[in-house]
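*Asks:* The following block contains a protein sequence and its predicted model.
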Amino acid sequence: MNSGYNGTRSAAAVLGGREPVRVCVLGYGSIGAVVADRLVRGDVPGAELVGIVNRSPVENLPAPALSLTEALEIADVVVECASQEAVWEVGRQVVDAGRDLLVSSVGALSDPVFAQRIAGSGPGRVVCTHGAVGGLDLLAAARDAAPFDRVLVRSTKSPGSLVQPWMDAAQQHRINTTATRLRVFAGSSAEAARLFPKSLNVAAAVSFAVSDWETVSVELYADPDAELTCHEIEASGPIGRYSIKIENLPSADNPRTSAVVPYSILRTLAHLTGSPNLIA
């Protein structure tokens with residue numbers, strides 16, 4: 001595909017002239033489908049969906065199916081709605097092309113070497129969405145005043161959403177058949193994001209907010225009675241104590257993610273287009 005455009009253009013570069021920010025969605029699953037549909041509906045003023053990049057063919061897409069190379073020829077922003085693996089695979093290519101990369105799978109940036117490689121290289125920018133968690137601005141402000149002494153992220157989900165390919169048969173059976181709330185993991189935020197890449201983006205988002213992957217600890221629970229995905233954040237430091245509880249409905253198509261995630265992505269994209277208060 002030849003768009004006739006060969007220069008470097010990001011979302012920030014087009015706002016002065018109020019041109020539409022051209023968006024490509026990376027990944028057309030439960031998250032990407034909602035994001036694409038809302039963009040086509042015009043729910044983010046100033047954003048135009050120009051293509052979709054998906055690993056496997058999908059019929060009846062709301063925008064042209066593109067290769068990543070084609071997408072980088074015409075997009076200002078690539079919105080990742082796929083996975084941590086997708087961020088690892090294409091992140092550097094996107095920012096090297098001068099495009100902005102909006103990341104929803106923020107756990108992919110838990111490796112500081114990789115994060116610096118793509119976020120610090122440019123000329124494109126890396127922008128993270130807050131996903132399924134709130135209160136990050138408050139935590140970030142408190143961290144700016146003084147480092148936290150303790151930060152805990154406690155997440156509770158349905159058992160089936162927490163079974164991982166690396167678990168042996170006994171572990172998988174124990175989680176799938178538990179009749180009571182069961183602690184599946186306790187450890188560092190970075191380790192949680194690595195072992196549960198589709199379930200612990202919240203822990204990664206909190207770690208970025210407080211600028212400290214070592215202080216943030218994670219507890220992960222499987223609960224057969226959990227109708228909502230629950231995230232509890234407890235933080236304490238020199239200027240205060242904070243307790244935040246979020247309960248989200250899981251996505252109907254993918255229980256590993258919260259139904260609110262695509263709307264969080266759209267809200268972040270609205271900020272990039274300069275219309276944060278206009279999203280429907």
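*Replies:* Looks like it came in fine. Residues are numbered from 1 along each chain as shown.
*Asks:* ok, Asp149 touching Glu234?
*Replies:* No - if you go by CB atoms under 8 Å, Asp149 and Glu234 don't touch, sitting 11.3 Å apart. No exception for glycine: its C-beta is placed from N, CA and C like everyone else's.
*Asks:* Among the two, which residue is more densely surrounded?
*Replies:* Glu234 (15 against 11; other CB atoms under 10 Å).
*Asks:* Give me the nearest residue to the more buried one, chain neighbours excluded.
*Replies:* Leaving aside its chain neighbours, Glu234 sits nearest to Leu152 (4.6 Å; criterion: CB to CB, 6 or more residues apart in numbering).
*Asks:* where along the protein do the helices fall?
*Replies:* Ranges of helices in the chain, per DSSP state H, are 11-14, 30-40, 68-74, 84-96, 112-119, 136-145, 169-176, 189-195, 201-210, 261-272.
*Asks:* which stretch among those helices comes nearest Ser104?
*Replies:* Nearest to Ser104, of all the helices of the chain, is helix 261-272, at 5.4 Å by CB to CB.
*Asks:* who touches the closest one?
*Replies:* The contact list for helix 261-272 (CB atoms under 8 Å, 6 or more residues apart in numbering) reads 11-12, 21, 23, 30-32, 34-35, 38-39, 43-45, 47, 77, 79, 81, 100, 102, 104, 127-132, 251, 276, 278-279.
*Asks:* re earlier: now render the helices of the chain as TSV, adding mean pLDDT, mean neighbour count and distance to Thr156.
*Replies:* As requested, the helices of the chain are arranged in TSV below (pLDDT from 0 to 100; neighbours: other CB atoms under 10 Å; distance: least, CB to CB, whole Å):
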stretch	mean pLDDT	mean neighbour count	distance to Thr156
helix 11-14	55	18	36
helix 30-40	95	21	20
helix 68-74	96	19	36
helix 84-96	93	19	22
helix 112-119	82	15	28
helix 136-145	92	15	20
helix 169-176	96	13	13
helix 189-195	84	22	14
helix 201-210	85	27	11
helix 261-272	90	21	17
